[in-house]
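# The amino acid sequence is not available; the structure is as follows:
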């Protein structure tokens with residue numbers, strides 16, 4: 001099982017997404033966090049099944065929400081760089 005390290009930028013994006021979904025409908029932010037937690041569970045088991053975003057960086061989609069998680073694998077650790085909303089312009093994807 002891989003360890004997951006969430007970089008500060010990704011943590012900020014997660015908080016922003018949670019806040020936005022909660023402002024739209026109470027409980028929706030928690031739904032987002034649950035889907036993200038499910039994704040992280042899969043990521044811990046086998047991060048190499050996800051496709052490359054820009055080698056060696058990979059990305060995977062979160063269920064139910066228009067987000068991708070951008071990450072890189074270093075041995076037994078997965079570094080999460082970004083949790084990016086796919087409805088934004090790719091030009092806005094923050095650097096890792």
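Cool, got the structure. These numbers were taken from a predicted model, which means no experiment stands behind them.

# what ranges do the strands span in the chain?
Listed in chain order, the strands of the chain (DSSP state E) span 3-6, 52-54, 57-61, 67-74, 77-85.

# Give me the pLDDT value at the spatially most central residue of the chain.
With distances taken as CA atoms, centre = their mean, the chain has residue 69 as the residue nearest its mean C-alpha position (2.7 Å). Confidence at residue 69, expressed as pLDDT, is 96.

# Comparing the strands of the chain, which yields the minimum mean pLDDT?
Per-stretch mean pLDDT for the strands of the chain is lowest at strand 52-54 (a mean of 87).

# in that strand, what's buried?
residue 53 (16 or more other CB atoms under 10 Å). Glycine gets a C-beta too; all of them are placed from N, C-alpha and C.

# okay if I get the strands of the chain as JSON lines plus distance to residue 40?
Formatted as JSON lines, those follow (distance: least, CB to CB, whole Å):
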{"stretch": "strand 3-6", "distance to residue 40": "6"}
{"stretch": "strand 52-54", "distance to residue 40": "17"}
{"stretch": "strand 57-61", "distance to residue 40": "10"}
{"stretch": "strand 67-74", "distance to residue 40": "8"}
{"stretch": "strand 77-85", "distance to residue 40": "8"}
